[in-house]
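> here are the coordinates; sequence isn't available:
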């Protein structure tokens, strides 16, 4: 499991004092070769954080070999100083690693990710000391420590790995609030020792995130810092079949996305909203997203109340192709709404378990999509009313 | 105040047993002439309730003189039986009133509005008895009773009136949850004794709701039953100046919208989000709406935490015209974000009062818009997790 499951990667996670709790807050993931290939997807938020602006340049440069990540501060909405801080962090990582006997390389090969409160400058003195410690701690067994150091309101670290076809794909992720898509969500680093070309790696990552992280919509709020980075080094010597690689990569992303949903802030329910019978996949995603963003539906799930009217009223705000008198809704196996009207008895629906399955059949075609969300709980409100103070 | 403030209108509100609490649940508003003119706006939800489908026909017919309203059941997603129930209600109102000496008229002159739980058939036996009682109770002083009988989770009845220029405009409204716009929100009946032509009346109502009810976004959830109906009868004999009439009507809608915001489910804060410096009014509305729908922002307001990063991250999801490094945010007079970065000290912001003013300056033009919303509170979650059960 984790980002050090694949051959040729080292990682570490240390406590630098960015978090007032004293928990770990600086992570490093290093590709030790032989090849240096990477791909990445980023938030679509127009207030992209300084590390996102920086990391987009690293992706374009094509030589990303290291990822340095910090929790305890998002470095978002921090202006030119924030960008300078990110640049300085990358410089420090590159010069320190080069001094330690790694291939000589510059800041242009260092991705930076940050997560935490928006609009506060980073404590650079603490971060710089943390980077030095993280370099000293680098290890081919450091993946779990790295996963721990990127946690914010996460209650568990999140890792996943698939070993198939002679190569390995492993990853880590964090994310508990501000969890909604925009190409990617939250922070995640994935590594592989497969030998893949850069164009295919980017295509595969974009396709995998579109089907997994992008279909997670916990609270409808898109972050300024969302980043998924995939590092590859060919250490296994295996050039994968593209279809197999895509399947394995999607599996890792899928598992990480599920872990994110399971640990979302205040969540008491994990809800799968499956839209079937859609004319297009895009229609299915639009409808699923509308339901996942209905606070009233989410409150009803928290209250274990099969209030299907709140599902239809959300579906009815979309421009998807459907006839209102054709739509069916099934909750946990009970077809509670048939043809846009009253179906089976709502008292038959058992919502006492943590997992809830909602199926909306638009009866308009053959396409489908699955959106994952959570309930809206008292815990979510309390946690998010107290986050920065 | 209320729908009977203008001359030539009678109203009533009675308890028919649709609500298990035994509270009033059937209202009637009758235009007693001399003229019969009306206008209306309806929800844009594609799962429009039976009474909305019915009332759209009444508007097209051009002869709407009576509004019958019930709480205790939305009659939404109830299929052909629901529509038949609405039709029967209108027939009963028309035949009973005609029998009582009103001008002879048919169901085609009776608007119907319903509010309550979606997806449950109406108790027609109770409703029919209620209609008979409501007719017996009709009075030129019945406006307050009528306003009480449309309440659902509202804690207060909501009425307003303006008397100016020789005529009167008065109205009532209900709405506490599922409060977000789509041409109209919630139920409202407004009456006037001004002498206006139907085309102008509809234009004036559409313009007034677009600036008031449509700018209220309490919880982002659009109802299946939203309806605003305006009845006019020329009883004052005064043909108004169009601009004056528009101003007075907007004033009544504005006051009703404010009352709705003040009584929104679980709200502990009333938040004005003013977007200024927008290139277009549409951009301003888009941005204001995005902020008003951020659960993280709303939780922060509940927690009295001036977490402006959550405002920018919501603004950043829109396609409005702005440069991220030009945007300022002011909360209760403190310019906490300047040029997309850190501004005045967040500790200067006092959020202890119920009213909160947020100003987002896009620095991209001269247009502006005000969106009203509420915080996301523990009370909202609790109330909406228990509504139907």
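Sure, I can see it. Because the structure is a prediction, the values reported are computed rather than measured.
> so where's the stretch 51-200 of chain A shaky on pLDDT?
Low-confidence segments of the stretch 51-200 of chain A (pLDDT under 70): A:176-185.
> which residues of it lie near chain B?
With C-beta under 8 Å from any C-beta of the partner chain as the criterion, the stretch 51-200 of chain A meets chain B at residues A:74, A:76-79, A:81-82, A:117-121, A:177-178, A:182. Placement of C-beta: from N, CA and C, glycine included.
> out of the residues you listed, which sit inside helices?
Secondary structure defined by DSSP state H assigns A:79, A:81, A:82 of those to helices.
> neighbour-wise, which of these leads?
residue A:82 (26 neighbours; other C-beta atoms under 10 Å in any protein chain shown).
> residues near the residue in the stretch 101-250 of chain A positioned nearest to chain B, how many?
Taking C-beta to the nearest C-beta, chain B has its nearest neighbour within the stretch 101-250 of chain A at residue A:118, 2.4 Å off. Per other C-beta under 10 Å, the neighbour tally for residue A:118 reads 26.
> how about the nearest residue to it, chain neighbours excluded?
Take residue A:118 and drop its neighbours on the chain: the residue closest to it by C-beta to C-beta, 6 or more residues apart in numbering or on different chains is residue B:309, 2.4 Å away.
> from residue A:221, how far off is that neighbour?
Distance of residue B:309 to residue A:221, given as C-beta to C-beta, to the nearest Å: 11 Å.
> settle it for me: which of the two has more neighbours?
Neighbours were counted for residue B:309 and for residue A:221 using other C-beta under 10 Å; residue B:309 has more, 30 against 24.
> okay, the residue nearest to residue A:118: pLDDT?
With respect to pLDDT, residue B:309 scores 84.
> wait, it sits on residue A:78?
No: contact criterion C-beta atoms under 8 Å: residue B:309 and residue A:78 do not qualify, at 9.9 Å.
> common neighbours of these two, please.
Listed as contacting both residue B:309 and residue A:78 by C-beta atoms under 8 Å, 6 or more residues apart in numbering or on different chains are residue A:119.
> sorry, back to before: include distance to residue B:252 when you put the ones in helices among the residues of the stretch 51-200 of chain A next to chain B into CSV, please.
Converted to CSV, those look like this (distance: C-beta to C-beta, whole Å):
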residue, distance to residue B:252
A:79, 45
A:81, 50
A:82, 48
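> following the chain past the helix or strand harbouring residue A:291, name the next helix or strand.
Using DSSP states H and E, residue A:291 maps to helix A:281-292. The first helix or strand that comes after helix A:281-292 along the chain, using DSSP H and E, is helix A:295-302.
> how distant is that following helix from the center of its chain?
23 Å (C-alpha atoms, centre = their mean, to the nearest Å).
> buried sites along the next helix or strand after it?
Next in sequence after helix A:295-302, counting helices and strands by DSSP H and E, comes helix A:309-315. For helix A:309-315, burial by neighbour count (16 or more other C-beta atoms under 10 Å in any protein chain shown) applies to A:309, A:310, A:311, A:312, A:313, A:314, A:315.
> which among these gets closest to residue A:290?
Nearest to residue A:290 among the buried residues of helix A:309-315 is residue A:314, at 4.7 Å by C-beta to C-beta.
> from chain B, how far out is that closest one?
In this view, residue A:314 and chain B are 7 Å apart by C-beta to the nearest C-beta, to the nearest Å.
> isn't that residue right up against residue A:288?
No: using C-beta under 8 Å, residue A:314 makes no contact with residue A:288, being 9.8 Å away.
> where along the stretch 101-250 of chain A do the strands fall?
Shown for the stretch 101-250 of chain A, the strands assigned by DSSP state E, counting those that start in this stretch span residues A:110-114, A:158-164, A:167-174, A:187-192, A:227-232.
> need these in TSV (columns: mean neighbour count).
Rendered in TSV, the data for the strands of the stretch 101-250 of chain A read as follows (neighbours: other C-beta atoms under 10 Å in any protein chain shown):
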stretch	mean neighbour count
strand A:110-114	29
strand A:158-164	21
strand A:167-174	27
strand A:187-192	30
strand A:227-232	29
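> so who does the closest residue to residue A:267 other than its chain neighbours touch?
Excluding the flanking residues, the one nearest residue A:267 by C-beta to C-beta, 6+ apart is residue A:374, at 3.7 Å. By C-beta under 8 Å, 6+ apart, residue A:374 lies in contact with A:218, A:219, A:261, A:264, A:266, A:267, A:268, A:269, A:270, A:271, A:298, A:380.
> let's see that with 10 Å instead.
The contact partners of residue A:374, taken as C-beta atoms under 10 Å, 6 or more residues apart in numbering or on different chains, are A:179, A:216-219, A:260-271, A:292, A:298, A:301-302, A:356, A:380.
> same deal with residue A:168?
Contact partners of residue A:168, counting by C-beta under 10 Å, 6+ apart, are A:4-9, A:161-162, A:191-194, A:235-236, A:238, A:248, A:252.
> also residue A:257?
Taking C-beta under 10 Å, 6+ apart as the contact definition, residue A:257 lies against A:158, A:160, A:173, A:175, A:179, A:185-186, A:188, A:208-209, A:211-216, A:372.
> ok but it is inside a helix, no?
Yes: checked against DSSP: H, G, I helix; E, B strand; the rest coil, residue A:257 lies within a helix.
> so it versus residue A:143, what's the distance?
Counting by C-beta to C-beta - residue A:257 and residue A:143 are separated by 18 Å.
> list the buried residues for the helix holding residue A:291?
A:283, A:284, A:285, A:286, A:287, A:288, A:289, A:290, A:291, A:292.
> residue A:357: which element?
According to DSSP H and E, residue A:357 maps onto strand A:355-361.
> what lines up beside that strand in the sheet?
Sheet pairing here is set by DSSP bridges, and for strand A:355-361 it gives strand A:270-278 (parallel), strand A:328-331 (antiparallel).
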